[in-house]
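>>> my questions are about this predicted structure, shown below with the sequence.
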Amino acid sequence: MADPARARKVADRIKVVVAEYLEFRLKDDRLGFVTITDARVTGDLQHASVFYTVFGGDEERAATAAALEANKGRIRSAVGKQIGIRLTPTLEFVADALPEGAAHLEDLVAQTRARDAELARAAAGATHAGEPDPYRKPVDRFDSEDAAPDDDA
């Protein structure tokens, strides 16, 4: 079993090699605007999961997934030549759900801001239900009409 630092380095190297291979060497019309977001390698360096995102709709995502599956052997061969370890890990391409999750969070934040603005508009004209100052105050012993006792006497 490899140490976690080595597995991380191998995963980073696989990420770079796959991204460069897709950008410069792979000529497939089905391949859309793809971005390699992450790569993870098992502790024994036998299996690598490569996460990717595709700019576009469902049609572009499906076409890109098909292109990656069809060219998986070529990509694995390039990875094996570039990383230089004894056994080349098998590759698994996984569509990354990060953009969809981020879009969902942005929608939730927008809804929350709209609700906050609605509450602020409702609170703008609101008044207190009771007196403006609900706290009791000490009553003065001497009213202004009564004369205060002279301290001079």
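Looks like it arrived, so ask away. Numbering: from 1, shown residues only.

>>> low-confidence stretches in this structure?
The model of the chain has pLDDT under 70 over residues 1-2, 99, 141-153.

>>> repeat that for 90
1-5, 22-35, 53-58, 60-61, 84-86, 95-107, 119-153 (pLDDT under 90).

>>> how about the helices in it?
In the chain, the helices defined using DSSP state H lie at 4-20, 58-70, 72-83, 98-124.

>>> how close does Asp96 get to Pro138?
67 Å (C-beta to C-beta, to the nearest Å). To be clear about C-beta, it is placed using only N, CA and C from the backbone, and glycine gets the same treatment.

>>> the more surrounded of those two?
Asp96 (17 against 5; other C-beta atoms under 10 Å).

>>> give me phi/psi at the more buried one?
Torsion angles at Asp96 (phi, psi; degrees, to the nearest 10) stand at phi -80, psi 130.

>>> excluding chain neighbours, what is closest to it?
If the residues on either side of it in the chain are set aside, Asp96 comes closest to Phe51, at 4.2 Å by C-beta to C-beta, 6 or more residues apart in numbering.

>>> how many other residues sit next to the one you found?
Neighbours around Phe51, by other C-beta under 10 Å: 18.

>>> run through the residues that contact it.
Residues in contact with Phe51 (C-beta atoms under 8 Å, 6 or more residues apart in numbering) are Ile36, Thr37, Asp38, Ala39, Arg40, Val94, Ala95, Asp96.

>>> pull the number of nearby residues for Gly56.
For Gly56, the tally of surrounding residues (other C-beta under 10 Å) stands at 13.

>>> same question, Arg74
Neighbour count for Arg74, taken as other C-beta under 10 Å: 13.
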